[in-house]
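K.L.:
Return a 3D structure for these sequence lines:
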Amino acid sequence: MKIAIVLIILVVGSVIFHFVSPWYFTPIASNWGTIDDTINITFWVTGIVFVAVNLFLAYAVIRYQKKKNTKAHYEPENKKLELGLTVFTTVGVAIMLAPGLFVWAKFIEVPEDAHVVEAVGQQWQWTFRFPGKDGVLGKTEVAHITPANPFGINPKDPAGRDDILINSNEVHLPKDKPVKVVLRSKDVLHNFAVPQFRVKMDLVPGMVTYVWFTPIKEGSFEILCEELCGLAHHTMRGRVVVDSVEDYQAWLNRQPTFAQTLKVAEGNPEQGKALYAVCGACHGQNGEGNLAMNSPNLTSLPEWYLVRQLEYYKKGIRGAHKDDPLGQQMAAMAGTLANTKSIRDVAAYISTFSDSPADKTVEGDPSSGYSYYVTCGTCHGKEGEGNFGLSAPQLVGQHDWYIKRQLENFKQGIRGKHPDDQFGFQMVLMARVLQDEQAVDDLIAYLNSLNDK
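P.N.:
Numbering: from 1, shown residues only. Next comes the predicted model:
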């Protein structure tokens, strides 16, 4: 009897929870309402079966409980019952699957007037590419990926010259216009999913997949990777902003083409030498850094990372927080660099410096720090050597006091909270693995042991 009561409570509680639960679908923002209809049909079919089976089980427990001086009736088969269950199950499965087949047929048939955007996934970022005036995306190859060509577009393919590049995790789309999102992965298996659009599809290395939808509501919607793609999988977030057609076009017109990015000349160390004179007042004439001036060692930082950080300072993405006075100083200094060419020149000159030994000012337990660094090493390399492919700078050779300060800034949201700092956003999440100051010190002690190798 107790088992029967538990089963009845389970059924009643489950039904009540389903109808009063605060957790349900996000408000739909695309044309795929049929996806919701299909899921609701599945809920109803499986829900009815769940209620019927468990209530029948409770009834059977009560009706046929053990009694004295009675013997159970053994019936090896019942063709009528078996036929009924077979028909009932077949109908139920058909009701669940048939709508999905009709929806899938529409899901893979892209409207002829749909415009195209490419979403590129890599550990652990999203970037995007639009075809230019020719309406054709240029060919890509992994072999062409460089700091100057992160999309891997073939420079010899004329169709790629006017491709519009969005080297950011935020993409804009026009409202009420069908869009085909072409999906490509640079490294491992990813998944493109926007819950409000009811679309998701895997990005398979070596293949090109796609989804299509029509945004019907203006707003900002999060892109998720719903395929486990590595240790920092949870940080792989992006954003789709749905605009009016006019606002979308204005945004798109501000984005650079592949040809324009190729025109950005490589940095000239000779020209950067004169510009570095201001930097050297704090960072040292050879980029060795200065603790008294709170200036880190620059010789260990790769050129592409220096360019990105200087641009972040200049654009207010970094160094604008009210609790970051040192960052504010750097933002002011970066403002003296007139343009991107100046930034590249300075970075090129800094890259000519020889590595300088890093000071050791932080005490900790390297063996304990190793367990923390396993997470960091996923991006920054086992030996702290950095990895351009993961946008992770080198750590070995850097002053430990500077690394500690930046980790604290990330943990406190002083750095990495700007909406345009997609890499800082990831570091905010990863830095939270370090629960207290001792954990930070232990991690840095392990990094210091790498400096000794």
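K.L.:
Buried ones in stretch 289-301, by neighbour count?
P.N.:
Of all the residues in stretch 289-301, those buried under the rule 16 or more other Cβ atoms under 10 Å are Gly289, Asn294, Ser295, Pro296, Asn297, Leu298, Thr299, Ser300, Leu301. C-beta: built from backbone N, CA, C; applies to glycine.
K.L.:
contacts for that stretch?
P.N.:
279, 282-284, 286-288, 306, 309, 326, 350, 353-356, 358-359, 361, 393-399, 401-402 (Cβ atoms under 8 Å, 6 or more residues apart in numbering).
K.L.:
just the buried residues of stretch 289-301 now: which is nearest Asp421?
P.N.:
Minimum distance to Asp421 across those is 17.0 Å, recorded for Leu301 (Cβ to Cβ).
K.L.:
Tell me the secondary structure of the closest one, please.
P.N.:
coil (DSSP: H, G, I helix; E, B strand; the rest coil).
K.L.:
so, if you compare the buried residues of stretch 289-301, which one comes nearest to Ile95?
P.N.:
For the buried residues of stretch 289-301, the nearest to Ile95 is Leu301 (60.8 Å; Cβ to Cβ).
K.L.:
got a pLDDT number for that closest one?
P.N.:
For Leu301, the model assigns a pLDDT of 91.
K.L.:
Give me the distance between it and Pro158.
P.N.:
Per Cβ to Cβ, to the nearest Å, Leu301 is found 36 Å from Pro158.
K.L.:
quick revisit: out of the contacts of stretch 289-301, which sit inside helices?
P.N.:
Within those, residues falling in helices by DSSP state H are Cys279, Cys282, His283, Leu306, Gln309, Leu326, Ile350, Trp401, Tyr402.
K.L.:
ok, Ser367 - how many residues close by?
P.N.:
11 (other Cβ atoms under 10 Å).
K.L.:
can you map out the helices along the chain?
P.N.:
Counting by DSSP H, the chain has helices at residues 2-20, 33-63, 79-107, 245-253, 258-263, 269-283, 303-315, 325-334, 340-350, 366-380, 400-412, 422-431, 437-451.
K.L.:
buried ones in the fifth one?
P.N.:
For helix 258-263, the neighbour count (16+ other Cβ under 10 Å) marks Phe258, Thr261 as buried.
K.L.:
ok, back up a step: out of the contacts of stretch 289-301, which are buried?
P.N.:
279, 282-284, 287-288, 306, 309, 350, 353, 356, 358-359, 393-399, 401-402.
K.L.:
CA-only coordinates of stretch 235-254, as CSV, when you get a sec.
P.N.:
Below are the C-alpha coordinates for stretch 235-254, written out as CSV (Å, rounded to 0.1, in the frame of the first residue of the first chain):
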residue,chain,number,x,y,z
THR,A,235,33.1,30.3,-21.4
MET,A,236,32.3,29.9,-25.1
ARG,A,237,29.6,32.5,-25.2
GLY,A,238,28.5,34.9,-28.0
ARG,A,239,25.7,37.3,-28.8
VAL,A,240,23.3,37.9,-31.6
VAL,A,241,21.8,41.4,-31.7
VAL,A,242,18.7,41.7,-33.8
ASP,A,243,18.3,45.2,-35.2
SER,A,244,16.0,47.1,-37.5
VAL,A,245,17.1,46.8,-41.2
GLU,A,246,18.4,50.3,-41.1
ASP,A,247,20.5,49.9,-37.9
TYR,A,248,21.8,46.5,-39.1
GLN,A,249,23.0,48.0,-42.4
ALA,A,250,24.6,50.9,-40.6
TRP,A,251,26.5,48.4,-38.3
LEU,A,252,27.5,46.3,-41.2
ASN,A,253,28.9,49.3,-43.1
ARG,A,254,31.3,50.0,-40.2
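K.L.:
What residues of it count as buried?
P.N.:
Across stretch 235-254, burial judged by 16+ other Cβ under 10 Å covers Thr235, Met236, Arg237, Gly238, Arg239, Val240, Val241, Val242, Asp243, Tyr248, Trp251, Leu252.
K.L.:
Also stretch 304-324?
P.N.:
Those would be 304-314, 317-319, 321, 324, for stretch 304-324 by 16+ other Cβ under 10 Å.
K.L.:
With stretch 439-449 instead?
P.N.:
Per 16+ other Cβ under 10 Å, stretch 439-449 contains these buried residues: Ala439, Val440, Asp441, Asp442, Leu443, Ile444, Ala445, Tyr446, Leu447, Asn448.
K.L.:
And that stretch, how far out from the chain middle?
P.N.:
The chain centre lies 27 Å from the centre of stretch 439-449; the measure is Cα atoms, centre = their mean, to the nearest Å.
K.L.:
What score does Gly160 have for pLDDT?
P.N.:
For Gly160, the pLDDT comes out at 89.
K.L.:
same deal with Val142?
P.N.:
pLDDT for Val142: 86.
K.L.:
ok, it touching Gly152?
P.N.:
Yes: assessed by Cβ atoms under 8 Å, Val142 is found in contact with Gly152 at 5.7 Å.
K.L.:
Which of those two has more residues huddled nearby?
P.N.:
The neighbour comparison of Val142 against Gly152 (other Cβ under 10 Å) goes to Gly152, with 18 against 10.
K.L.:
where in the stretch 351-453 of the chain is pLDDT low?
P.N.:
Within the stretch 351-453 of the chain, the segments meeting pLDDT under 70 span 452-453.
K.L.:
what do you get if the cut-off is 90, keeping everything else the same?
P.N.:
Along the stretch 351-453 of the chain, segments meeting pLDDT under 90 span 354-364, 374-379, 381-382, 387-391, 396-398, 417-436, 448-453.
K.L.:
Need the max-distance pair from the buried residues of stretch 304-324.
P.N.:
Greatest spatial distance in the buried residues of stretch 304-324: Trp304 and His321, 24.0 Å, computed using Cβ to Cβ.
K.L.:
and which of the ones in helices among the contacts of stretch 289-301 is nearest Val264?
P.N.:
For the ones in helices among the contacts of stretch 289-301, the nearest to Val264 is Leu306 (15.0 Å; Cβ to Cβ).
K.L.:
how about the ones in helices among the contacts of stretch 289-301 in TSV, adding distance to Ala431?
P.N.:
What follows is those, written out as TSV (distance: Cβ to Cβ, whole Å):
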residue	distance to Ala431
Cys279	27
Cys282	25
His283	24
Leu306	21
Gln309	17
Leu326	18
Ile350	26
Trp401	16
Tyr402	14
